[in-house]
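# sequence and predicted structure below; questions after.
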Protein chains: 2
Amino acid sequence: MEATASKALAGSPALSLCPNSKGPIECAQCRVRALSLCDALEPDELHELDRLSQTLSFAARQTLFEQDQPSDSVYNVTAGAVRLYKLLPDGRRQVVGFALPGDFLGLAMSERNVFCADAITPTTACRFSREAYSDYLDAKPHLLRRLHSMASHELSLAQDQMVILGRRTAEERIAAFLIGLRNRWMRVNGNQVHVLLPMTRQDIGDFLGLTVETVSRIMTRLAREKCIVIVPDGVRLLDVARLERLAEV
Amino acid sequence: MEATASKALAGSPALSLCPNSKGPIECAQCRVRALSLCDALEPDELHELDRLSQTLSFAARQTLFEQDQPSDSVYNVTAGAVRLYKLLPDGRRQVVGFALPGDFLGLAMSERNVFCADAITPTTACRFSREAYSDYLDAKPHLLRRLHSMASHELSLAQDQMVILGRRTAEERIAAFLIGLRNRWMRVNGNQVHVLLPMTRQDIGDFLGLTVETVSRIMTRLAREKCIVIVPDGVRLLDVARLERLAEV
DNA sequence: ACCTCGACTTGACCTGCGTCAATGTGAATA
DNA sequence: TATTCACATTGACGCAGGTCAAGTCGAGGT
């Protein structure tokens, strides 16, 4: 992992503000981060946490961390997209999630990473040393509470994914994926029918327990049926209602 | 939910001791509970937590709680077995886990239950009101930390299950299930090749994303190949090495 | 302009597991 | 002892989605 590292400077704090922000919680990314952890913090606490962090840049396909390696950091993704996956000895891969701007990595606080993480597109992230972060948490019980509620939410999402993988058809999986991704981008960019897909079809397949070919076929079919339009960097949703019916809990 | 309820009495504390125990942490169940939460507690804290709890008994197939209902309790299973599952509108079911003696339910601390829970065999559990439990946690940051680490562990297990559901064959799923269950019973009863299966084949199928028929066929085949022996209440493992190879991470 | 390479699509074929249906089995009840 | 009912097993058959193979397309690189 050879990412560009730069200590965050006062005036461009890693958590409270983003580099192109004109004030507190102004840009889309910060709005998301505010949703996840920062709204549990006072301004001076943000400043303090900030001093623990450094901003890193990763090129596409560059590794943030690998499975089973000792885990010494916590990351907050601020731009780009990251895929999180587990590998079987024979090469089969299961993507367990995608991290988008605002998402945290390493919430588990376990000794070793339980999955690999690498950048899909050029990505920037704030890194905190686990030790400093952990010490800081010890002093702030309300943060720990927030952290726990975030982990619980992740657990709930993982269980939803178990339903998708165990009990849904290929078409339902794709629909659920598109709707879920739309909802996540909405928190970043507001309501929109234009869903960006930074990940490859292979990534989507490995997330949904399908092959590339099946993902491609189903998406082509949905497009043929005027349900979506496939565009270079993603998908435009035409018939959201139909997709939601397919993805129905 | 009409379970037999009885306020826990001093002398038969819900968490630190089990009814048939002759001293602290003596019986198997307590050993497990000690592993999960209680080892983070001082004796007087245990006693205090105890006053917040009541012991409940559930008959087989009785409901502990239902999906989407407001969640007002936390449970600690002390005997029996509980299945946790989500339902799709059309009746398809995904079992997201089984709770055995020592396991906690409701760690998520979310407003509403995200899955259903009902007893497979006659079950006893300690119930804590969420409010009292939550207040108690506020006063004990180290407990919150423990809780968070338990939730993280659950998340990790859920991700392992995602790999099983997304990328493994029926035979590998069954092998992983049997090995996983053996490891859990080992923490209760010590090393053993006799794996109890309190749940039905249907439950196993709904957990592994398979049909009853497939579960039955694969288990019959494993038995024919001298890998396991099917006994009335479970399975005896003959060729653990082979199962572990099949279940390999 | 040409080449390369990785991502994507599409078609033909195959198979693991689901579906449907029949039967066995043991525990509970009368 | 007979009856029932939930659970389990087994066989025959079909299909959703996997596998294999052959393109197409576009972004870099030279």
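In hand now; what should we look at?

# going forward, measure contacts and count neighbours with C-alpha atoms only.
Fine.

# do you know the pLDDT at A:Ala14?
At A:Ala14, the model reports a pLDDT of 39.

# low-scoring pLDDT stretches of chain A, where are they?
A:1-43, A:45-46 (pLDDT under 70).

# how about the helices in it?
Ranges of helices in chain A, per DSSP state H, are A:28-36, A:43-51, A:130-139, A:141-167, A:170-189, A:201-208, A:212-224, A:240-247.

# just name the most buried of the ones you listed.
With neighbours defined by mean count of other CA atoms under 10 Å in any protein chain shown, none of the helices of chain A is more surrounded on average than helix A:201-208, at a mean of 23.

# close to DNA strand D, is that one?
No. Counting by CA under 7 Å from any atom of the strand, DNA strand D has no neighbours in helix A:201-208; the shortest distance is 7.9 Å.

# ok, A:Val74 to chain B distance?
Remark: distance between A:Val74 and chain B (CA to the nearest CA, to the nearest Å) = 14 Å.

# picking that back up, so which of the helices of chain A gets nearest chain B?
Closest to chain B of the helices of chain A is helix A:141-167 (CA to the nearest CA; 4.1 Å).

# list the helices and strands the closest one packs on?
Helix A:141-167 sits against helix A:130-139, helix A:170-189, strand B:93-99, helix B:141-167, helix B:201-208, with contacts defined as 3 or more CA pairs under 8 Å, 6 or more residues apart in numbering or on different chains; DSSP states H and E.

# quick one: which of these is nearest DNA strand C?
For DNA strand C, the closest of the helices and strands packed on helix A:141-167 is helix B:201-208, at 7.7 Å, according to CA to the nearest atom of the strand.

# domains of chain A?
A:4-153, A:168-247 (automatic domain parsing).

# how about the ones you listed in TSV, adding distance to B:Ile218?
TSV is the format used below for these (distance: least, CA to CA, whole Å):
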stretch	distance to B:Ile218
domain A:4-153	22
domain A:168-247	21
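
# which of these sits closest to DNA strand C?
Among the domains of chain A, the nearest to DNA strand C by CA to the nearest atom of the strand is domain A:168-247 (3.4 Å).

# end to end on that closest one, go ahead and measure it.
End-to-end distance of domain A:168-247: 9 Å, with CA to CA, to the nearest Å as the criterion.

# for stretch A:64-82, same thing?
Stretch A:64-82 has its terminal residues 9 Å apart, counting by CA to CA.

# please tell me how far A:Gly166 sits from B:Ala99.
19 Å.

# now do A:Val249
Distance from A:Val249 to B:Ala99, by CA to CA: 23 Å.

# again, but for A:Ala81
Using CA to CA, A:Ala81 is found at 35 Å from B:Ala99.

# next to chain B, which bits of chain A? Give me the list.
Listed as neighbours of chain B in chain A under the rule CA under 8 Å from any CA of the partner chain: A:86, A:88-89, A:92-94, A:96, A:107-110, A:114, A:138, A:141, A:144-145, A:147-149, A:151-156, A:158-159, A:161-163, A:165-167, A:206-210, A:248-249.

# again, 6 Å this time
Contacts of chain A with chain B, taken as CA under 6 Å from any CA of the partner chain, map to A:88, A:94, A:108, A:148, A:152, A:155, A:162-163, A:165-166, A:209, A:249.

# what about the closest residue to A:Thr78 other than its chain neighbours, how many residues nearby?
In this structure, A:Thr78 finds its nearest non-sequential neighbour in A:Pro101, 4.5 Å apart by CA to CA, 6 or more residues apart in numbering or on different chains. As a burial measure, A:Pro101 scores 24 neighbours (other CA atoms under 10 Å in any protein chain shown).

# residues touching A:Pro101, list them.
Going by CA atoms under 6 Å, 6 or more residues apart in numbering or on different chains, A:Pro101 touches A:77-79.

# next up, the contacts around A:Thr121.
By CA under 6 Å, 6+ apart, A:Thr121 lies in contact with A:60, A:80-81.

# report the buried residues of stretch A:53-66.
Residues of stretch A:53-66 classed as buried: A:53-59, A:62-66 (neighbour count, 16 or more other CA atoms under 10 Å in any protein chain shown).
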